[in-house]
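Participant: curious how this folds, go ahead:
(2 chains)
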Amino acid sequence: MRDRFSEIAARGAGLAVVGNGSRVFASAFREDMELPPGVTLLVDPELRAYRAAGLRRGRVEALSPRVAWNGLRAFRAGFRQTGIEGDPWQLGGAFVLRPDGACTFRHQSREAGDHAELERVLAALAPDAEPVVESAA
Amino acid sequence: MRISTRLAGIELEDWRGEPLALGTLWRERPVVLVFIRHFG
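Facilitator: Predicted coordinates for the structure are as follows:
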C-alpha cells in the first residue's frame, strides 16, 4: 500500500494506517517502512477501532492453514517480518470511506497474510464506485 | 450502523501522540484506512 501512495493521492484520497502497538513501535515502523509524510499513522493499543471495524481476533483466525502459504508468498515478494510489536492475535483489514460516509471497499482479513487487493482498493476510489452493502447491525 | 459511523467518533493518537478523531480522515476527501496486524 505504501508503494501505491502516489496513486492513492493522485485520486484525491488520503491514506491512514492504524497499528495496535505503542507509539514507540509506531515511530520505528514509520522509519523502517519509509512512510511518505502524507500518510497518517495512528496507534490503537486498546483495539477500539479494530473492534468497531469488525476485524477478527483470535488464535484460530490468525493461524489458519493458509498462513504458511501467505507467508511464503510474502517472502517471495521480498517482505521480511522482523518481530511482532502489538497484539499477535489481532488481524487487520482495509476500508475506503468517502466524505458522505459511504464505504466503497471493505476487506476484513480471514487469517495472517490475507491482504486487500490493491487494484480493488484503487478501483474503489473512483468517483462512480458503488458502496458495499453494509449490515444494519 | 455504517462502519463510517462506528469509527467516526473514535479518537486515536498518531505516532507523535497527537489525538485525532477518525471521522476527520474522510471529512473532506476519501481515505484508504488500513488496519495492520502489528508493527514489525
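Participant: so what touches stretch B:3-20?
Facilitator: Outside stretch B:3-20, the residues within contact range by Cβ atoms under 8 Å, 6 or more residues apart in numbering or on different chains are A:18, A:23, A:26-27, A:29-30, A:40-44, A:48-49, A:52-54, A:95, A:97, A:101-103, A:106, A:134, B:21-23, B:26, B:33. Using the backbone N, CA and C atoms, a C-beta is placed for each residue, glycine as well.
Participant: next secondary structure element downstream of the helix or strand bottoming out on mean pLDDT in chain A?
Facilitator: The weakest-scoring helix or strand in chain A, judged by mean pLDDT, DSSP states H and E, is helix A:66-76 (a mean of 56). Per DSSP states H and E, the first helix or strand lying C-terminal to helix A:66-76 is strand A:93-97.
Participant: tell me the strands beside that next one, with direction?
Facilitator: strand A:103-108 (antiparallel), strand B:31-35 (antiparallel) (DSSP bridges).
Participant: model confidence over the last one, on average?
Facilitator: Averaged across strand B:31-35, the pLDDT comes to 97.
Participant: now swap in the longest one and tell me
Facilitator: Confidence over strand A:103-108, taken as the mean pLDDT, stands at 97.
Participant: got the end-to-end distance for stretch A:29-41?
Facilitator: In stretch A:29-41, first residue to last residue: 9 Å (Cα to Cα, to the nearest Å).
Participant: distance between that stretch and the chain's centre?
Facilitator: The chain centre lies 14 Å from the centre of stretch A:29-41; the measure is Cα atoms, centre = their mean, to the nearest Å.
Participant: hmm, that stretch in reach of chain B?
Facilitator: Yes - using Cβ under 8 Å from any Cβ of the partner chain, stretch A:29-41 reaches chain B at A:29, A:30, A:40, A:41.
Participant: for these, work out which two are farthest apart.
Facilitator: Farthest pair in these (Cβ to Cβ) is A:29 and A:40. Separation: 13.2 Å.
Participant: out of the two, which sits in the busier spot?
Facilitator: Of the pair residue A:29 and residue A:40, residue A:29 is the one with more neighbours under other Cβ atoms under 10 Å in any protein chain shown, namely 23 against 19.
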